[in-house]
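Asker: using only what follows, build the 3D model:
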Amino acid sequence: MVPTTILVPIDDRQMPESALEQIAGQAGSSCSKVILMGIVPVHLYNPSEEELELVRKATVDAVGNAAAQLSRKGIITEEMITTGYPDEEIINRAEELKVSMIVIPCTKDRPSELSKAATIILDEDRKVNIPILYVPV
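Answerer: Just a heads-up that it's a prediction; the model follows:
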(Lines give C-alpha, C1' and ligand atoms only; values in the text may rest on other atoms or scores of the structure.)
Protein backbone atom coordinates (compact mmCIF):
# COMPACT_ATOMS: atom_id res chain seq x y z
CA MET A 1 0.00 0.00 0.00
CA VAL A 2 1.33 3.42 -0.97
CA PRO A 3 0.54 6.16 1.55
CA THR A 4 -1.50 8.98 0.04
CA THR A 5 -3.00 12.31 1.03
CA ILE A 6 -6.70 13.09 1.37
CA LEU A 7 -7.96 16.69 1.28
CA VAL A 8 -11.07 17.38 3.38
CA PRO A 9 -12.59 20.86 2.98
CA ILE A 10 -14.45 22.06 6.07
CA ASP A 11 -16.73 25.04 6.61
CA ASP A 12 -17.83 26.69 9.85
CA ARG A 13 -20.01 23.75 10.92
CA GLN A 14 -18.83 20.94 13.17
CA MET A 15 -18.43 17.69 11.27
CA PRO A 16 -20.69 14.89 12.50
CA GLU A 17 -19.19 11.73 13.92
CA SER A 18 -20.58 9.67 11.03
CA ALA A 19 -18.62 11.73 8.49
CA LEU A 20 -15.46 11.51 10.59
CA GLU A 21 -15.88 7.72 10.78
CA GLN A 22 -16.07 7.49 6.98
CA ILE A 23 -13.04 9.74 6.55
CA ALA A 24 -11.09 7.74 9.14
CA GLY A 25 -12.04 4.50 7.40
CA GLN A 26 -10.93 5.81 4.02
CA ALA A 27 -7.67 7.16 5.44
CA GLY A 28 -6.97 4.05 7.49
CA SER A 29 -7.58 1.66 4.60
CA SER A 30 -5.19 3.55 2.35
CA CYS A 31 -2.60 4.57 4.98
CA SER A 32 -3.39 8.18 4.08
CA LYS A 33 -2.67 11.45 5.78
CA VAL A 34 -5.66 13.80 5.99
CA ILE A 35 -5.34 17.52 5.32
CA LEU A 36 -8.25 19.36 6.92
CA MET A 37 -8.72 22.59 5.01
CA GLY A 38 -11.01 25.13 6.63
CA ILE A 39 -12.45 27.49 4.03
CA VAL A 40 -13.82 30.90 4.93
CA PRO A 41 -16.01 32.00 2.00
CA VAL A 42 -15.13 35.69 1.98
CA HIS A 43 -17.40 36.42 -0.97
CA LEU A 44 -20.42 36.06 1.35
CA TYR A 45 -19.33 38.76 3.78
CA ASN A 46 -18.13 42.32 3.80
CA PRO A 47 -14.49 42.17 4.99
CA SER A 48 -15.24 44.80 7.62
CA GLU A 49 -18.18 42.84 9.05
CA GLU A 50 -17.95 41.25 12.45
CA GLU A 51 -19.75 38.21 11.04
CA LEU A 52 -16.73 37.33 8.88
CA GLU A 53 -14.55 37.04 11.97
CA LEU A 54 -17.17 34.88 13.70
CA VAL A 55 -17.29 32.55 10.68
CA ARG A 56 -13.50 32.41 10.61
CA LYS A 57 -13.35 31.48 14.31
CA ALA A 58 -16.07 28.85 13.88
CA THR A 59 -14.15 27.40 10.92
CA VAL A 60 -10.93 27.22 12.95
CA ASP A 61 -12.86 25.47 15.75
CA ALA A 62 -14.47 23.00 13.32
CA VAL A 63 -11.08 22.12 11.81
CA GLY A 64 -9.47 21.73 15.24
CA ASN A 65 -12.29 19.52 16.49
CA ALA A 66 -12.15 17.29 13.40
CA ALA A 67 -8.36 17.02 13.71
CA ALA A 68 -8.60 16.02 17.36
CA GLN A 69 -11.22 13.36 16.65
CA LEU A 70 -9.31 11.89 13.69
CA SER A 71 -6.07 11.91 15.67
CA ARG A 72 -7.78 9.90 18.42
CA LYS A 73 -8.61 7.34 15.72
CA GLY A 74 -4.92 7.12 14.78
CA ILE A 75 -5.17 9.21 11.60
CA ILE A 76 -2.31 11.59 10.78
CA THR A 77 -3.80 15.03 10.17
CA GLU A 78 -2.63 18.42 9.06
CA GLU A 79 -4.67 21.61 9.44
CA MET A 80 -4.91 24.69 7.25
CA ILE A 81 -7.27 27.67 6.93
CA THR A 82 -7.87 29.45 3.63
CA THR A 83 -10.11 32.27 2.53
CA GLY A 84 -11.72 32.68 -0.86
CA TYR A 85 -14.15 30.97 -3.17
CA PRO A 86 -14.46 27.36 -1.95
CA ASP A 87 -14.33 25.73 -5.42
CA GLU A 88 -11.16 27.65 -6.35
CA GLU A 89 -9.52 26.95 -3.00
CA ILE A 90 -10.28 23.23 -3.23
CA ILE A 91 -8.93 22.91 -6.77
CA ASN A 92 -5.84 25.04 -6.12
CA ARG A 93 -4.88 23.29 -2.88
CA ALA A 94 -5.59 19.82 -4.30
CA GLU A 95 -3.24 20.48 -7.20
CA GLU A 96 -0.64 22.28 -5.10
CA LEU A 97 -0.54 19.55 -2.43
CA LYS A 98 -0.80 16.72 -4.99
CA VAL A 99 -3.57 14.98 -3.06
CA SER A 100 -4.90 11.56 -4.05
CA MET A 101 -8.52 12.20 -3.11
CA ILE A 102 -10.86 14.99 -2.09
CA VAL A 103 -13.52 14.13 0.49
CA ILE A 104 -16.35 16.67 0.66
CA PRO A 105 -18.93 16.46 3.45
CA CYS A 106 -22.35 17.35 2.06
CA THR A 107 -25.88 17.56 3.35
CA LYS A 108 -29.21 17.76 1.56
CA ASP A 109 -31.23 19.49 4.25
CA ARG A 110 -28.87 22.47 4.65
CA PRO A 111 -26.91 23.35 1.51
CA SER A 112 -23.48 24.77 2.15
CA GLU A 113 -20.78 26.52 0.18
CA LEU A 114 -18.93 23.18 0.12
CA SER A 115 -21.74 21.34 -1.64
CA LYS A 116 -22.01 24.23 -4.11
CA ALA A 117 -18.26 24.07 -4.62
CA ALA A 118 -18.43 20.34 -5.33
CA THR A 119 -21.04 20.92 -8.02
CA ILE A 120 -18.92 23.67 -9.58
CA ILE A 121 -15.79 21.51 -9.50
CA LEU A 122 -17.54 18.72 -11.37
CA ASP A 123 -18.78 21.19 -14.00
CA GLU A 124 -15.47 23.05 -14.39
CA ASP A 125 -13.77 23.17 -17.76
CA ARG A 126 -10.56 22.81 -15.81
CA LYS A 127 -11.31 19.31 -14.56
CA VAL A 128 -9.54 17.96 -11.55
CA ASN A 129 -8.15 14.50 -12.19
CA ILE A 130 -8.54 13.59 -8.54
CA PRO A 131 -11.31 11.34 -7.22
CA ILE A 132 -13.94 13.21 -5.23
CA LEU A 133 -15.86 11.38 -2.51
CA TYR A 134 -19.05 12.90 -1.12
CA VAL A 135 -19.68 12.03 2.51
CA PRO A 136 -23.31 12.50 3.54
CA VAL A 137 -23.68 14.22 6.91
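Asker: isn't Ala66 right next to Ile10, touching?
Answerer: Yes - between Ala66 and Ile10 there is a contact under CB atoms under 8 Å: 6.1 Å. Every residue, glycine included, has its C-beta placed from N, CA and C.
Asker: and for these two, which residues touch both?
Answerer: With contacts defined as CB atoms under 8 Å, 6 or more residues apart in numbering, the residues adjacent to both Ala66 and Ile10 are Leu36.
Asker: and the top helix by length along the chain, what does it pack onto?
Answerer: Criterion DSSP state H: the longest helix present in the chain is helix 50-72. Contacts defined by 3 or more CB pairs under 8 Å, 6 or more residues apart in numbering; DSSP states H and E place helix 50-72 against strand 5-10, helix 17-29, strand 33-40, strand 77-83.
Asker: same list (these) but as TSV, adding mean neighbour count, mean pLDDT and distance to Glu49.
Answerer: TSV is the format used below for the helices and strands packed on helix 50-72 (neighbours: other CB atoms under 10 Å; pLDDT from 0 to 100; distance: least, CB to CB, whole Å):
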stretch	mean neighbour count	mean pLDDT	distance to Glu49
strand 5-10	24	94	21
helix 17-29	17	91	29
strand 33-40	23	95	12
strand 77-83	16	95	14
